[in-house]
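Visitor: Fold the following for me, if possible:
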Amino acid sequence: MLVLSVVAVGISVAQDKKAHATHEQTRFVEGDPLQQAVGLSANVLKVLLETEEGKQGLAFANDSQQKNAARLFQAREIHLSGPDEVDLIVVGIPPMTGADNGWFWLVRSANKNPQVVLFSGGNTLELMGSKTLGYRDIRSVFSTASETRKAIYHFDGKQYKLWNDKWTKNRDN
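Guide: You can find the predicted model right below:
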């Protein structure tokens, strides 16, 4: 009887992990609220504000925003390499954005030793199903009235690097 109970619990846990993985948000759109947003730890906030983009956004913040810089970001737990490592996608809230696009940061090892492994401006950021060196590939899309940029990033063992950059015309001018 004990063996059956242990097997049943193991199956339940495995199904729960599978269900969690299939419901993880993989597409993030500028201006849309994040599903299941989480708060930022002091360590994650520190690494975000140390990026060049974080410094630029903070320079445009008013006194109240500067005093509570965590309100300039939304975060959601994601899994870049597997279900056991908690990573974050962080989306900037104005003024922590570009003039015509959203700002997205990927933070690896959010609970242990947070590191920003990708910053990308754009209209959308997508966690792809494909992987490089065990980490999900990332697609960023940025559109203007006349052009669309689709950028693909691959993990190089330390951070994400631009792998493919394609601009296309949206219409004839």
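
Visitor: What is the neighbour count of Lys142?
Guide: Actually, residue 142 is Phe. It isn't Lys. The number of residues packed around Phe142, counting by other C-beta atoms under 10 Å, is 20. C-beta: built from backbone N, CA, C; applies to glycine.

Visitor: and it, how far is that from Thr168?
Guide: If you measure Phe142 against Thr168 using C-beta to C-beta, to the nearest Å, the figure is 12 Å.

Visitor: Could you do Glu126 as well?
Guide: Relative to Thr168, Glu126 is positioned 17 Å away (C-beta to C-beta).

Visitor: Out of the two, name the residue with the larger neighbour count.
Guide: Neighbours around Glu126 and Thr168, counted as other C-beta under 10 Å, are more numerous at Glu126. The numbers are 18 against 9.

Visitor: Need the residues that contact stretch 63-72.
Guide: For stretch 63-72, the surrounding residues in contact (C-beta atoms under 8 Å, 6 or more residues apart in numbering) are Gly39, Leu40, Leu45, Leu49, Gly57, Leu58, Ala61, Gly92, Ile93, Pro95, Met96.

Visitor: Most widely separated two among the residues you listed?
Guide: Based on C-beta to C-beta, the longest span within these runs between Gly39 and Pro95 and measures 20.1 Å.

Visitor: Between these two, which is the more surrounded one?
Guide: Regarding Gly39 and Pro95, a neighbour count based on other C-beta under 10 Å identifies Pro95 as having more, with 15 against 10.

Visitor: Mind checking what secondary structure the more buried one has?
Guide: Per DSSP: H, G, I helix; E, B strand; the rest coil, the local secondary structure of Pro95 is coil.
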